[in-house]
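>>> A structural model of the following input is requested.
(one chain, ligands or ions: 3)
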Amino acid sequence: MIKLTKRAPEEFAGDLLVYLVEEEVDRLGGEASALLNRVLYQIKAHGDFSGKQEEFFWFYPRITGEAEPDCKARRVLLVGLGKQDETMSGRLEQLRLAGGVIAQQGAKVKAEEVLVVLPEDVVLSAAEIAEAMTEGLLLGNYRFDHYKTPGQDQDKARPVATFLLSDGGLSAAAVRRGMNRGRILAEAGCSARDMANQPGNSWTPAEFADYAKKIAKKSPLKCKIIEKATMKKLGMGGILGVNQGSAVPPKLVILEYRTNKNNPTVMLVGKGLTFDSGGISIKPAAGMEEMKYDMCGGAAVLTAMQAIGEEQPAGVNVIGLIPTTDNMSGAAALKPGDIISHFGGKSAEIINTDAEGRLILADALAYGIESYEPEAVIDLATLTGAVIVGLGHHRSGLISNNDQLAQRLLEAGERSGEPLWRLPIGPEYRKQLDSQVADLKNTGGKSAGTITAACYLQEFVGETPWAHLDIAGTAWGFTEKSYIPKGPSGIAARTLVNLLRGWKSLSPGEQQS
Ligand code: BES
Ligand code: MN
Ligand code: ZN
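Residues are numbered from 1 along each chain as shown. Ligands and ions are numbered 1, 2, ... in the order given. Predicted structure coming up:
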């Protein structure tokens, strides 16, 4: 939990009082007491702490064991912010990183209540400072212990129960606004991590659908579920094909956020593959357990919709679609050589049943574009191992047919601390998918695997401005930082919300690159 407090920091008698320290500044902000500033001066003069990014320093201000009049807290934690980054996105990231350190250290000492004095800043507004700090604190405070017997890990770190933000002299109303925006973003990221951490036997298409129904109940979102029988009528041979070897039915989960029909509509599509065994083209055993994370694109869309439902941005309609199934190798499973027919009639020759993500996304893209006529479409998927070869775990791959949409996504990713890197696309790559017997095949050979996967998707978006995010390298094992845990990162939900806040229609005629 996080809340704004009016309590003066010196009066706070709780577990942990936190000040943020700039690398090249020798005074604390937020009207800190003379005592604390003298201590900081000493620490810096001795060279024990300089305020570098993610550096921290503890001390215990109660000299006699009793609360000191100038500083009643049990512990004081100084956290470095580094040298003031002059870019807005750089500065936001500095605050999130500091927030992550505070959460980690608070958990280490099992602090119940942590009071954070917000720093002043020349680059960011009060609301932005509060937003980024809140994101860092709440994302950094994340744990997944759903399957641990309670009480077994007594000595381990325990997440902080309550963060208190002290406005440090900034406008309290702006801080409250920013704190709320940050909380909504962080909750989206943490919910996405929860979904991903759930194993394939607990997070199935039914759980995706139930979660969507639940958020539709407490927000202005509308939820629709397309079930297997309807998929058959609609001719969704991609989702049905991938599901053929499975023991549980597939679903197409849809959430609609509608403001006004004159507003532009943006459509989000996320791969909700709850476990990817590879199917008949089965994956090697080593590391296969990680394929429970193959639903992270779906989790990003679902939790972005959750955030949209709560924040309710003006001027835009947002539709979220999550095609969801597992990819198993039961007796009825799809086989290499089989030919399927997608929604809208395009046929595909299956070369490798492990290239299943594109099959379920193709139906959702084609169906969504026909049904909702969006002005822009963004799909997210843990689609290819090749993107990890190319970009590692530090950037998601971005492929788009529209420069303006690509640019907006690059900026939203940068702002969110979730950087993207754009890759090319074009007919020369599409040729790799030519099939002798069908409209296209589902794999394009060894080279440019991330791009040929995107070419497959592009077949189903027509002229609609479209962007594809391949998050296979970042959805788990993302760049190590204080507010990103090991395991699933909850990536992309925050980028999507940042993209949709203040969405303006794309200008026409700037198509194609
Ligand atoms: N879900 C995987 C992609 C993946 C691989 C994500 C490793 C994260 C880590 C996807 O369904 C897949 O299996 N893709 C194949 C495609 C190939 C058969 C053309 C791949 O990347 O090997
Ligand atoms: Mn696969
Ligand atoms: Zn997959």
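>>> And the strands in the stretch 301-450 of the chain?
Ranges of strands in the stretch 301-450 of the chain, per DSSP state E, counting those that start in this stretch, are 317-327, 339-341, 347-349, 376-381, 396-400, 420-422, 440-441.
>>> Turn those into JSON lines, columns for distance to ligand 2.
Every C-beta, even on glycine, is put in place using the N, C-alpha and C of the backbone. Converted to JSON lines, the strands of the stretch 301-450 of the chain look like this (distance: least, CB to the ion, whole Å):
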{"stretch": "strand 317-327", "distance to ligand 2": "6"}
{"stretch": "strand 339-341", "distance to ligand 2": "15"}
{"stretch": "strand 347-349", "distance to ligand 2": "15"}
{"stretch": "strand 376-381", "distance to ligand 2": "10"}
{"stretch": "strand 396-400", "distance to ligand 2": "16"}
{"stretch": "strand 420-422", "distance to ligand 2": "22"}
{"stretch": "strand 440-441", "distance to ligand 2": "15"}
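>>> Format the ones you listed as CSV; extra columns: mean pLDDT.
Below are the strands of the stretch 301-450 of the chain laid out as CSV (pLDDT from 0 to 100):
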stretch, mean pLDDT
strand 317-327, 98
strand 339-341, 98
strand 347-349, 98
strand 376-381, 99
strand 396-400, 98
strand 420-422, 98
strand 440-441, 98
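>>> Dump those strands to CSV, plus mean neighbour count.
Listed next are the strands of the stretch 301-450 of the chain as CSV, based on neighbours: other CB atoms under 10 Å:
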stretch, mean neighbour count
strand 317-327, 29
strand 339-341, 18
strand 347-349, 20
strand 376-381, 28
strand 396-400, 25
strand 420-422, 19
strand 440-441, 21
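>>> Same list (these) but as a markdown table, adding distance to ligand 1.
As requested, these are exported to a markdown table (distance: least, CB to the nearest ligand atom, whole Å):
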| stretch | distance to ligand 1 |
| --- | --- |
| strand 317-327 | 7 |
| strand 339-341 | 16 |
| strand 347-349 | 13 |
| strand 376-381 | 8 |
| strand 396-400 | 12 |
| strand 420-422 | 17 |
| strand 440-441 | 10 |
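>>> of those strands, which approaches K431 most closely?
Nearest to K431 among those is strand 440-441 (10.3 Å), distances taken as CB to CB.
>>> thinking again about what came up before, CSV for the strands of the stretch 301-450 of the chain, including distance to E93?
As requested, the strands of the stretch 301-450 of the chain are exported to CSV (distance: least, CB to CB, whole Å):
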stretch, distance to E93
strand 317-327, 26
strand 339-341, 43
strand 347-349, 41
strand 376-381, 21
strand 396-400, 16
strand 420-422, 15
strand 440-441, 40
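>>> between these, which gets nearest to ligand 3?
strand 317-327 (6.4 Å; CB to the ion).
>>> For D434, which residues are in contact?
Shown in contact with D434 (CB atoms under 8 Å, 6 or more residues apart in numbering): 440-441.
>>> Look through the stretch 1-150 of the chain and state the residue closest to ligand 3.
Closest point on the stretch 1-150 of the chain to ligand 3, by CB to the ion, is F144, at 21.8 Å.
>>> What is the neighbour count of that residue?
A count of nearby residues for F144, using other CB atoms under 10 Å, gives 15.
>>> again, but for E24
Per other CB under 10 Å, the neighbour tally for E24 reads 10.
>>> Surely it is in a helix?
No - counting by DSSP: H, G, I helix; E, B strand; the rest coil, one finds E24 to be coil, located in no helix.
>>> isn't it right next to G80, touching?
No - the pair E24 / G80 is not scored as a contact, 11.0 Å apart, by CB atoms under 8 Å.
>>> what number of residues lie near the residue in the stretch 151-300 of the chain that ligand 3 sits nearest to?
Residue of the stretch 151-300 of the chain nearest ligand 3, by CB to the ion: D276 (3.7 Å). By the criterion of other CB under 10 Å, D276 has 25 neighbours.
>>> i'd like the first residue to be 51 from this point on
Sure, I'll start counting at 51 from here, so that last one is D326.
>>> per-residue pLDDT, it?
Listed pLDDT for D326 reads 98.
>>> Could you report the separation of it from A223?
Using CB to CB, to the nearest Å, we find D326 at a distance of 47 Å from A223.
>>> Same question for A542.
Distance of A542 to A223, computed by CB to CB: 30 Å.
>>> okay, and the helix or strand of the protein with the least pLDDT?
Across the helices and strands of the chain, mean pLDDT, DSSP states H and E gives its lowest value to helix 84-95, namely a mean of 87.
>>> packing partners for it?
With contacts defined as 3 or more CB pairs under 8 Å, 6 or more residues apart in numbering; DSSP states H and E, helix 84-95 has these neighbours: strand 66-72, strand 106-109, strand 125-132.
>>> What residues sit buried inside stretch 238-255?
Within stretch 238-255, the residues scored as buried using 16 or more other CB atoms under 10 Å are 238-248, 250, 253-255.
>>> tell me the contacts of the residue in the stretch 151-300 of the chain positioned nearest to ligand 2?
Nearest residue of the stretch 151-300 of the chain to ligand 2 (CB to the ion) works out as V292 at 9.2 Å. Contacts for V292 (CB under 8 Å, 6+ apart) come out as 300, 323, 329, 375, 377, 384, 403, 406, 409-410.
>>> Mind telling me what element the nearest residue to E81 once chain neighbours are set aside is part of?
Using CB to CB, 6 or more residues apart in numbering and skipping residues adjacent in sequence, the residue nearest E81 is G219, 5.9 Å away. Per DSSP states H and E, G219 falls between elements, in no helix or strand.
>>> who touches the residue of the stretch 401-550 of the chain found nearest ligand 2 in this structure?
For the stretch 401-550 of the chain and ligand 2, the shortest gap (CB to the ion) falls at D404, measuring 3.9 Å. Residues in contact with D404, defined by CB under 8 Å, 6+ apart, are 326, 328-329, 331-333, 377.
>>> Please report how far it lies from L473.
For D404, the distance to L473 equals 21 Å [CB to CB].
>>> picking up where we left off before, a markdown table for the contacts of D404, including distance to P270 and secondary structure?
Listed next are the contacts of D404 as a markdown table, based on distance: CB to CB, whole Å; DSSP: H, G, I helix; E, B strand; the rest coil:
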| residue | distance to P270 | secondary structure |
| --- | --- | --- |
| D326 | 34 | strand |
| G328 | 40 | coil |
| G329 | 39 | coil |
| S331 | 43 | coil |
| I332 | 43 | coil |
| K333 | 41 | coil |
| N377 | 34 | strand |
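>>> who in the stretch 351-500 of the chain is up against ligand 1?
By CB under 6 Å from any ligand atom, the residues of the stretch 351-500 of the chain that approach ligand 1 are 402, 404-407, 432-436, 493, 499.
>>> Now, of these, which are buried?
Buried, going by 16+ other CB under 10 Å: 404-407, 432-434, 436, 493, 499, out of these.
>>> Give me the subset of these that also touch ligand 3.
Counting by CB under 5 Å from the ion, G407 from those sit close to ligand 3.
>>> Inside helices: which ones of the buried ones among the residues of the stretch 351-500 of the chain next to ligand 1?
Residues of these located in helices (DSSP state H): 407, 436, 499.
>>> which ones are touching the second one?
What it means is A436. So A436 contacts 498-500, 503 (CB under 8 Å, 6+ apart).
>>> change it to 6 Å
Neighbour list for A436: 499-500 [criterion: CB atoms under 6 Å, 6 or more residues apart in numbering].
>>> And the first one, by the same measure?
By CB under 6 Å, 6+ apart, the residues touching G407 are 321, 431, 433.
>>> can you redo those residues as JSON lines with distance to N367?
Conversion of those to JSON lines gives the following (distance: CB to CB, whole Å):
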{"residue": "K321", "distance to N367": "22"}
{"residue": "A431", "distance to N367": "23"}
{"residue": "L433", "distance to N367": "26"}
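>>> and of these, the nearest to L147?
L147 lies nearest to A431 out of those, by CB to CB, at 27.8 Å.
>>> Could I get the contacting residues of the residue lying closest to the closest one once chain neighbours are set aside?
Spatial nearest neighbour of A431, excluding adjacent residues (CB to CB, 6+ apart): K321 at 3.6 Å. By CB under 6 Å, 6+ apart, the contact list for K321 reads 347-348, 407, 411, 431.
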